[in-house]
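Colleague: Coordinates for the following, if possible.
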Amino acid sequence: MLVAVCVGLLGVVLYGGPASAHGADAPVAVNYVVRVQSVSVPGVEVRAVEGGARLQLVNRSAREVTVLGLQGEEFLRVGPRGVEENRQAPTWFASRSINGVANGGDAAAVPEWHLVAATPDVRWHDERARELPARAWSVPLLVDGREPGIVRGTVEAAKTPETGWWWVGGLLGAVVVGLLWRWRAALTGAAVVGGLVAGVWIVQSASLAASPADGVGVQLLARLWPLVTAVGVVGAGVLLVFKRVDIVVGIAGACLAVMIGVGDSSVFRYGTLAGPGWGRVAVAVAFAVGAGLAVAGGLRWYRATGEQERPGHGVAGEPERPGHAAAGEQERPRRGAAGERERPGHGDGIKNAHTGQEK
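Modeller: Presented below is the predicted three-dimensional model:
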């Protein structure tokens, strides 16, 4: 369990920042809305997915539809055989990531087709239909190699959410969880709930981002560090029931708060979510539970290991009685040579007044 938490902590260092692409270039949130207004080819559906990071084309017709690239070259071919991509197209290089550029390929070269999916369903990054400023966009198509087609849409600014209130809610939740530091069962429940909420959100986001070419497994692998952290928090909470692992709980909570609560906080700032609609709730819960566990685990660990000896106590922790010697025993009155108690006013050198002899 400690190894899992340490791996999660390493992930905090390696994980991208709040506004960076999350998973396989799927952002957690963006400040714009991509809308598809029309598709000229019957039986072909195009929509914006993953918060507008990619376009998805599904061909339910019996015809072959070719997506033309940034320079008018043949880029994708979607038909009854599935999905083929032209790896000589400059747009293919640009579509590899959300910030990709067409730094390879040759638009005039003979297409080099590669089959990448057996079903006519494809997703790709297209800079023509992404990012502000607000504008109209279009993507040209070619049907059966001869008939022109087109997809039209718009990019609009998204409504900004109430960012401050989401942070206030997260902080108040962290205070509540932190105040539970004395109760082990309550902390276990908080850890399990927080970890499960974060884990379900990650898995559902991966499922929504999956495509025939990039399945759920690929998307989960791209979200490996947050998922490991969520599982680690649940495990630390369960382990707390059986043994005192306060520092592990604290570290796991810190990882959850930083990696998901802070790392994905763009959901509080931007209006369009790439994943499930309850993503803001999931991130707020992750931050509240993670920060609260970090505080509670730290307090429990400090109390268990950092207590100092109370003043006025001996080595064994018992109070010393005043007026006693080092051995704890009161000094007895002096006795004579035969063990008899000496009478007051008599000393060893006092002489008898009648005989002149010393007693």
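Colleague: Show the residue spans covered by the strands in the chain.
Modeller: With DSSP state E, the ranges of strands along the chain come out as 29-30, 32-39, 44-49, 54-59, 65-68, 74-79, 82-86, 113-117, 121-124, 135-143, 147-157, 272-273.
Colleague: and among these, the most buried is which?
Modeller: Mean neighbours per residue, mean count of other C-beta atoms under 10 Å, is largest over these for strand 29-30, with a mean of 24. No exception for glycine: its C-beta is placed from N, CA and C like everyone else's.
Colleague: pLDDT (mean, whole number) over that one?
Modeller: In this model, strand 29-30 has a mean pLDDT of 94.
Colleague: again with stretch 66-82
Modeller: The average pLDDT within stretch 66-82 is 96.
Colleague: Now find how far off-centre that stretch is within its chain.
Modeller: 37 Å (C-alpha atoms, centre = their mean, to the nearest Å).
Colleague: Please apply the same query to stretch 222-229.
Modeller: The answer for stretch 222-229 is 7 Å, by C-alpha atoms, centre = their mean.
Colleague: Same check on stretch 150-165?
Modeller: Per C-alpha atoms, centre = their mean, the centroid offset for stretch 150-165 relative to its chain is 25 Å.
Colleague: Dump that stretch to CSV, keeping only the CA atoms.
Modeller: Provided in CSV are the C-alpha atoms of stretch 150-165 (Å, rounded to 0.1, in the frame of the first residue of the first chain):
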residue,chain,number,x,y,z
ILE,A,150,-19.1,19.4,-46.4
VAL,A,151,-19.6,19.7,-42.6
ARG,A,152,-20.4,23.1,-41.2
GLY,A,153,-20.4,24.3,-37.7
THR,A,154,-19.5,27.1,-35.3
VAL,A,155,-17.2,27.8,-32.3
GLU,A,156,-18.7,29.9,-29.5
ALA,A,157,-17.6,31.1,-26.1
ALA,A,158,-18.8,28.9,-23.2
LYS,A,159,-20.5,30.3,-20.2
THR,A,160,-18.2,30.6,-17.2
PRO,A,161,-19.2,28.6,-14.1
GLU,A,162,-19.2,30.0,-10.6
THR,A,163,-15.6,29.3,-10.0
GLY,A,164,-15.4,30.8,-6.5
TRP,A,165,-18.3,28.9,-5.1
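Colleague: and the gap between the closest residue in space to Trp278 that isn't next to it in sequence and Leu172?
Modeller: Once flanking residues are discounted, Trp278 sits nearest to Trp201: 7.5 Å by C-beta to C-beta, 6 or more residues apart in numbering. Counting by C-beta to C-beta, to the nearest Å, the separation of Trp201 from Leu172 is 20 Å.
Colleague: show me where pLDDT drops low in the stretch 251-359 of the chain?
Modeller: 306-359 (pLDDT under 70).
Colleague: got the residue ranges for the helices in the stretch 201-350 of the chain?
Modeller: Ranges of helices in the stretch 201-350 of the chain, per DSSP state H, counting those that start in this stretch, are 216-222, 224-242, 246-256, 266-269, 279-305.
Colleague: and the residue most central in space within the chain, what does it touch?
Modeller: Note on the chain: the residue nearest the mean C-alpha position is Ile260, at 2.8 Å, using C-alpha atoms, centre = their mean. Neighbouring residues of Ile260 by C-beta atoms under 8 Å, 6 or more residues apart in numbering: 198, 226, 229-230, 282-283, 286-287, 290.
Colleague: switch the cut-off to 6 Å
Modeller: 198, 226, 286 (C-beta atoms under 6 Å, 6 or more residues apart in numbering).
Colleague: neighbours around the second one, how many?
Modeller: What that stands for is Pro226. 27 (other C-beta atoms under 10 Å).
Colleague: which stretch among the strands of the chain comes nearest Thr163?
Modeller: strand 29-30 (11.1 Å; C-beta to C-beta).
Colleague: how far does the closest one sit from the chain's center?
Modeller: How far strand 29-30 lies from its chain's middle: 17 Å, per C-alpha atoms, centre = their mean.
Colleague: returning to what we had before: who has more neighbours, Trp201 and Leu172?
Modeller: Trp201 (24 against 12).
Colleague: low pLDDT regions in the stretch 51-200 of the chain?
Modeller: 100-102.
Colleague: how does it look with 80?
Modeller: Counting by pLDDT under 80, the stretch 51-200 of the chain has low-confidence residues at 97, 99-103.
Colleague: any idea of the pLDDT on the residue nearest to Trp278?
Modeller: At Trp201, the model reports a pLDDT of 97.
Colleague: Can you give me every residue that contacts the residue lying closest to Leu299 once chain neighbours are set aside?
Modeller: Nearest residue to Leu299, sequence neighbours excluded (C-beta to C-beta, 6+ apart): Trp181, at 4.6 Å. Residues in contact with Trp181 (C-beta under 6 Å, 6+ apart) are 296, 299-300.
Colleague: Top of those by number of neighbours, please.
Modeller: Ala296 (27 neighbours).
Colleague: Would you confirm that that one contacts Gly178?
Modeller: Yes. Using C-beta atoms under 6 Å, Ala296 is in contact with Gly178, at 5.3 Å.
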